[in-house]
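Engineer: I need the structure of the sequence given here:
(one chain, ligands or ions: 1)
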Amino acid sequence: MPRDRSLSRGCVLCHQGAKMVLFVTGLCPRSCWYCPLSRERKGKDVIYANEKRIHTPEEAAGVARLMSAFGTGITGGEPLIVLDRVQQFSRHLKTEFGESHHIHLYTGIAPGREQLLDLQGLVDEIRMHPPYETWDRILESGYKEAACTAREMGFSVGIEVPSLPGIGSLEVMLPFLDFLNINELEWGETNAGAMRERRLVPEDGVHNAVSGARGWAKSLISRQKVHWCSSRFKDSVQLRKRLLRVARNTARPFDQITRDGTVLYGTLENGGVVPPLFRQLEPDMYEVREGAIETAWWVITEFSDQLAGEKSIVERYPDRGLVVEVTPVA
Ligand code: SF4
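Structural biologist: Here you go, the predicted model:
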């Protein structure tokens, strides 16, 4: 398949599910009505690597290793209000995985030369998110100058914004950018009220996309350097591929990896006593965890009547991530 020329290097790796998402802080001086941050993260000075709460650069490297990451996307909140942290984490990731570990950084701020100097050699790509109120006079804002300065200094530079009415005004920035990424506007737990106030509605009951979001960006989508990132794509390709990478590195011999990148296994709640039946299994086909026995889902269903205790099949994100479903077995 020919390479999509509007895609930045960061996006190419993201398409492969090979980018770790490093959320460096939930603090942000802005209050965009469409802000997608969850309650768990918004306004809190917390750090996450993918879905895992972490505290140190070493932990971030551990998460990157588990997914065989080729790069990292640094996001927030506003990463530049914790510039020292961005430097510390980026430096560690580049040291651990080499210069080729591609790092892109989101920021709502138009970075000045001083800030860019602090990021040089640590961050490869800068994705600016100018405030919505500036879009109709974007050339007069500081974002054009920031883009030109950053490009002169060797960064790849783009704008990345959600699709909102009036997004066509950003077209005038294209000559000064390497790319313009448009994310389909998404409905979330913290922005639902603001969406309703503006009479916006979700497109369907399955995805988070907001109805009409693609139409607002229509005049831009066909332009060179412009890339449209749909909500459906993020869920069905980006996340799935990332989960698959983690699952392949972390699944136990008895975990079944699903097409969605989740893992399936069976549990027996019996106080952690290994039933005699399990002696017939290879030793790596079961594990005692938190007072329960975990094994292949088919062991639980096939020998259910010979196993005393509560039995269930668990589907969850790999590396003991989010539990998607627990199905009791009679
Ligand atoms: S700049 Fe980003 S993190 Fe900050 S309020 Fe706006 S959408 Fe939320």
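
Engineer: What residues of the worst-scoring helix or strand of the chain on mean pLDDT count as buried?
Structural biologist: Ranked by mean pLDDT, DSSP states H and E, the weakest helix or strand in the chain is helix 231-233, scoring a mean of 83. Buried residues in helix 231-233, defined by neighbour count with 16 or more other C-beta atoms under 10 Å: Ser231. (C-beta placed from N, C-alpha, C; glycine too.)

Engineer: Around the ligand, which positions in the stretch 101-250 of the chain sit nearby?
Structural biologist: Counting by C-beta under 6 Å from any ligand atom, the stretch 101-250 of the chain comes close to the ligand at 108, 129.

Engineer: phi, psi of the closest residue to the ligand within the stretch 101-250 of the chain?
Structural biologist: Closest to the ligand within the stretch 101-250 of the chain is Gly108: 3.6 Å, counting by C-beta to the nearest ligand atom. Main-chain torsions, Gly108, degrees, to the nearest 10: phi -90, psi -10.

Engineer: mind listing what the closest residue to Pro253 other than its chain neighbours touches?
Structural biologist: Distances taken as C-beta to C-beta, 6 or more residues apart in numbering put Asp284 closest to Pro253, at 4.7 Å, once the chain neighbours are dropped. Residues near Asp284 by C-beta atoms under 8 Å, 6 or more residues apart in numbering: 252-254.

Engineer: Of these, which is the most crowded?
Structural biologist: Looking at the contacts of Asp284 with neighbours defined as other C-beta atoms under 10 Å, the largest count falls to Phe254 at 21 neighbours.

Engineer: Isn't it up against Tyr265?
Structural biologist: Yes. Using C-beta atoms under 8 Å, Phe254 makes contact with Tyr265 at a distance of 6.1 Å.

Engineer: can you list residues touching both of the two?
Structural biologist: By C-beta under 8 Å, 6+ apart, the residues touching both Phe254 and Tyr265 are 294-296.

Engineer: and those residues as JSON lines, adding secondary structure?
Structural biologist: Putting the shared contacts of Phe254 and Tyr265 into JSON lines (DSSP: H, G, I helix; E, B strand; the rest coil) gives the following:
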{"residue": "Glu294", "secondary structure": "strand"}
{"residue": "Thr295", "secondary structure": "strand"}
{"residue": "Ala296", "secondary structure": "coil"}
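
Engineer: circling back: which element is encountered next along the chain beyond the least confident helix or strand of the chain?
Structural biologist: helix 240-250 (DSSP states H and E).

Engineer: tell me which residues in that following helix are buried?
Structural biologist: Neighbour-count burial for helix 240-250, counted by 16+ other C-beta under 10 Å, picks out 240-247, 250.

Engineer: just the helices in the stretch 151-300 of the chain please.
Structural biologist: Applying DSSP state H, counting those that start in this stretch to the stretch 151-300 of the chain gives helices spanning 192-197, 213-216, 218-221, 231-233, 240-250, 297-302.

Engineer: Now the weakest link among the ones you listed, please, by mean pLDDT.
Structural biologist: Mean pLDDT is lowest for helix 231-233 among the helices of the stretch 151-300 of the chain, at a mean of 83.

Engineer: what's next to that one, contact-wise?
Structural biologist: By C-beta under 8 Å, 6+ apart, helix 231-233 touches 183-184, 186, 207-209.

Engineer: can you name the two of those that are farthest apart?
Structural biologist: Spatially, the most separated pair among the contacts of helix 231-233 is Asn183 and His207, at 13.1 Å (C-beta to C-beta).

Engineer: So the two - more neighbours on which side?
Structural biologist: More neighbours surround Asn183 than the other of Asn183 and His207, with 20 against 17 (other C-beta under 10 Å).

Engineer: can you tell me how far that one sits from Phe233?
Structural biologist: 10 Å (C-beta to C-beta, to the nearest Å).

Engineer: before we move on, what about Glu186?
Structural biologist: Applying C-beta to C-beta to Glu186 and Phe233 gives a distance of 12 Å.

Engineer: likewise Ile54?
Structural biologist: Distance from Ile54 to Phe233, by C-beta to C-beta: 27 Å.

Engineer: circling back: tell me which of the helices of the stretch 151-300 of the chain sits nearest to Gln115.
Structural biologist: Nearest of those to Gln115, taken as C-beta to C-beta: helix 218-221 at 27.9 Å.

Engineer: How far does that closest one sit from its chain's centre?
Structural biologist: Relative to its chain's centre, helix 218-221 lies at 25 Å (C-alpha atoms, centre = their mean, to the nearest Å).

Engineer: contacts for it?
Structural biologist: Against helix 218-221 from outside (C-beta under 8 Å, 6+ apart): 167-168, 170-171, 180, 182, 214, 226, 228.

Engineer: from these, which is closest to Thr134?
Structural biologist: When these are compared for distance to Thr134 (C-beta to C-beta), Leu170 wins out at 9.8 Å.

Engineer: Redo the buried residues of helix 240-250 as CSV? Include distance to Glu315.
Structural biologist: Below are the buried residues of helix 240-250 laid out as CSV (distance: C-beta to C-beta, whole Å):
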residue, distance to Glu315
Arg240, 14
Lys241, 18
Arg242, 17
Leu243, 12
Leu244, 14
Arg245, 18
Val246, 15
Ala247, 12
Thr250, 15
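
Engineer: Quick check: which ranges of the chain have low pLDDT?
Structural biologist: Filtered on pLDDT under 70, the chain yields the residue ranges 1-6.
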